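Student: Next input, structure requested:
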Amino acid sequence: MTLSRSSASRVITSMDRECELQLVGRLRTGDSGAFDAVHDAFNGRLYNFLARLSNQPDVAEDLLEETWLRLVRHARRLRPDTRLGPWLFTVARHVHATYYRSRLLEDSHAAGLMGLWPDARPAVSPLEAVEASETGRRLATALASLPLAYREALLLVAVGGLRHSDAAEICGVSTEAMRQRVSRARALLAHRLTDGEAATLASLKEIAT
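Tutor: A predicted model of the protein is given here:
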């Protein structure tokens, strides 16, 4: 069975492992339809992660592009049992860290690779939509004020939708340490926000339970 672009996107989101493995297999053959499906499923979450991590939307767009380029470069060398969410967020995290170490992004992108996914900014997320209000701006400010390790943990689990164990592997800590980081991040946010603001953020599923 070959998955359509839309059905493959739903499969990844629901973490159907068997179909995800099929999609990885297609990526390993250079199937552009597989790239489209993965892009549809993860682009918004990756952008939100990078935007909240960097606090710079324009930088986040550049880092997002680099993340997808790395998938294109490495697709044929993916392990057959690759789990796409953890793989992509690991790459995004490394790209972010490299950017802030060097303040320079790699300049050697292959022009022929750019057609493998739509060249458009991700759709506005629920959190971005609510930021048009004063409450939204306060929420964004509170999130940006978290220490990087706590903000990163919260973004991986809540925005990225990763399991605590996956986020822990990405960050190189134990699962229990990751749970503690997420819990501490939630507590710090709650301390900075009013009850109503915290409820608004929770309603957007931007805080993991």
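
Student: so what's Arg192 up against?
Tutor: Neighbour list for Arg192: 142, 145 [criterion: Cβ atoms under 8 Å, 6 or more residues apart in numbering]. C-beta coordinates here come from the backbone N, C-alpha and C atoms, glycine included.

Student: switch the cut-off to 6 Å
Tutor: Shown in contact with Arg192 (Cβ atoms under 6 Å, 6 or more residues apart in numbering): Ala142.

Student: Give me the contact list for stretch 160-177.
Tutor: Outside stretch 160-177, the residues within contact range by Cβ under 6 Å, 6+ apart are 45, 49, 85-86, 89-90, 93, 156-157, 178-179.

Student: which regions of this structure lie under the pLDDT threshold?
Tutor: For the chain, the stretches with pLDDT under 70 are 1-15, 102-136, 194-209.

Student: May I ask you to name the longest helix in it?
Tutor: helix 32-54 (DSSP state H).

Student: Mind giving me the packing neighbours of that one?
Tutor: Applying 3 or more Cβ pairs under 6 Å, 6 or more residues apart in numbering; DSSP states H and E, we find helix 32-54 packed against helix 5-14, helix 17-28, helix 57-74, helix 84-102.

Student: one more time with 8 Å, if that's ok
Tutor: helix 5-14, helix 17-28, helix 57-74, helix 84-102, helix 148-154 (3 or more Cβ pairs under 8 Å, 6 or more residues apart in numbering; DSSP states H and E).

Student: and the gap between the residue nearest to Ala34 when sequence neighbours are not counted and Tyr47?
Tutor: Closest residue to Ala34 apart from its sequence neighbours, by Cβ to Cβ, 6 or more residues apart in numbering: Arg26 at 3.7 Å. From Arg26 across to Tyr47, the span is 23 Å (Cβ to Cβ, to the nearest Å).

Student: more neighbours, those two?
Tutor: Neighbour tally, Arg26 and Tyr47, criterion other Cβ atoms under 10 Å: the higher count belongs to Tyr47, 23 against 20.

Student: ok, now how distant is the more buried one from Leu78?
Tutor: From Tyr47 to Leu78 the distance is 22 Å (Cβ to Cβ).

Student: check contacts around the residue nearest to Ser54 when sequence neighbours are not counted.
Tutor: Excluding its sequence neighbours, the residue lying closest to Ser54 (Cβ to Cβ, 6+ apart) is Ala60, at 5.3 Å. With contact set as Cβ under 8 Å, 6+ apart, Ala60 has these partners: 47, 50-51, 53-54.
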